[in-house]
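Colleague: Prediction below, plus the sequence it came from.
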Amino acid sequence: MSPYPTMVMLTSLLLGTTLVLTSNHWLMVWVGLEINTLAIMPLLIQHHHPRAAEATMKYFLTQAAAATLILFAALMNAWQSGQWATTALSHIPSNLTTIALMMKLGLAPVHFWLPEVLQGAPLTTGLILSTWQKIAPMSLMMTIHASLNPYLLTTLGLTSILIGGWAGINQTQLRKILAYSSVAHMGWTMMILPLMPALALLNFAMYLTLTTPMFLTMKFINTTNIPSMTTAWTKAPATAALTMLVLLSLGGLPPTSGFMPKWMILHELAKQSLPAIATTAAISALLSLFFYLRLCYTFTLTQSPNSTNSTPTWRHKSQSTPKLLPATMVTALMLLPMAPTLL
């Protein structure tokens, strides 16, 4: 894609998210979400391939259904309460809005579009889908969280943690693994949102910080599946070693940064006299940790053969390091020692 259409699309993404972040009117929030959806679609289908076309169509249909639900809930709420402010929601519109935002964020059980869309998207577009596109619906969720059903949020959050862990175990494609990782991390965020919104925001920010270097590393090493990850140590040993630490951080192992929000969420659930939910979430985190450890093993302890009759891509010189990769990796690894200062 030429620079000018790309600039228009990225500017539209920025505009749509800014509209959602700054609006207090349901109609403007809906407009911002629609701008976001339409702006990402040309980036999804920029490579004219049947898989890209399929991913674009699935994304469009899912996001259109979610936007329709949001508009319907806003109209119903305006009919019942006589106002369009996002801070006031009655019972039925709040449940409809919750389901619509769950579709936007890719939470279980309405998560089925996310792995397929990420699998058909280029790595850069997949990074935008996994990080930037979640900011607008997440900010709206935090704005209206007081009007939402806490039991529904907790149940869907726990379901997402379980499904994100179980479904990711059997995957070999890195983009699908990161999609199910997104489902699990969003589940942790939704589960703690009714109890402590500030902690939900911290967990969401940590997810963005850890997912960004993973996509940038995949783009740098030019790999999209587990077998081709064995070339990482030959191409860029320092990047492979740091990526292992980022994966452990995604799994929530101490002393990495990802341990901080999970430990605080479990601590808060225990304080709220919810030991069964905390125990289930902690055990479900082991499922995600399994496939993170498998990726760590492939990244650092296996290598491709040095002699071959062909000239595969791993023998070619790697492209230049993405500008954000060093900064995001350092941030992902160094936040835990700064936790007392941040909190």
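Modeller: It's in.

Colleague: shaky segments in this protein?
Modeller: Across the chain, residues meeting the criterion (pLDDT under 70) sit at 1, 303-323, 336-343.

Colleague: got the domain boundaries for it?
Modeller: The record's domain split for the chain, according to automatic domain parsing, is 1-148, 196-305+318-343.

Colleague: Just tell me which of the ones you listed ends up closest to Met186.
Modeller: Distances from Met186 to each of those were compared by C-beta to C-beta, and the smallest falls on domain 1-148, at 5.2 Å. Yep, even glycine has a C-beta here, placed from its N, CA and C like the rest.

Colleague: How far does that closest one sit from its chain's centre?
Modeller: Using C-alpha atoms, centre = their mean, to the nearest Å, the distance from the centre of domain 1-148 to the centre of the chain it belongs to is 13 Å.

Colleague: element containing the closest residue to Met138 other than its chain neighbours?
Modeller: Here the nearest residue to Met138 in space, its sequence neighbours aside, is Phe204; by C-beta to C-beta, 6 or more residues apart in numbering that works out to 5.7 Å. Per DSSP states H and E, Phe204 falls inside helix 197-221.

Colleague: Can you list the buried residues in that helix?
Modeller: By neighbour count with 16 or more other C-beta atoms under 10 Å, helix 197-221 contains the buried residues 197, 199-204, 206-221.

Colleague: just stretch 121-128 next, same as before
Modeller: Within stretch 121-128, the residues scored as buried using 16+ other C-beta under 10 Å are Ala121, Pro122, Leu123, Thr125, Gly126, Leu127, Ile128.

Colleague: Using CSV, write out every CA atom in stretch 135-142.
Modeller: Output in CSV follows, covering the C-alpha atoms of stretch 135-142 (Å, rounded to 0.1, in the frame of the first residue of the first chain):
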residue,chain,number,x,y,z
ILE,A,135,-8.3,0.7,23.5
ALA,A,136,-11.6,2.3,22.4
PRO,A,137,-13.9,-0.5,23.6
MET,A,138,-11.9,-1.0,26.8
SER,A,139,-12.1,2.7,27.6
LEU,A,140,-15.9,2.6,27.0
MET,A,141,-16.1,-0.4,29.3
MET,A,142,-14.3,1.4,32.0
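
Colleague: show me where the stretch 51-200 of the chain has helices.
Modeller: In the stretch 51-200 of the chain, the helices defined using DSSP state H, counting those that start in this stretch lie at 91-105, 113-120, 123-130, 132-143, 150-169, 174-192, 197-221.

Colleague: Next up, phi/psi of Asn225, please.
Modeller: Dihedral pair for Asn225: phi -140, psi 170, per degrees, to the nearest 10.

Colleague: how about it, what does it touch?
Modeller: Residues near Asn225 by C-beta atoms under 8 Å, 6 or more residues apart in numbering: Thr172, Gln173, Leu174.

Colleague: So the nearest residue to the second one once chain neighbours are set aside versus Lys176, what's the distance?
Modeller: Counting by C-beta to C-beta, 6+ apart, the nearest residue to Gln173 once its immediate chain neighbours are dropped is Asn225, at 5.3 Å. Here the criterion is C-beta to C-beta, to the nearest Å. By it, Asn225 lies 9 Å from Lys176.
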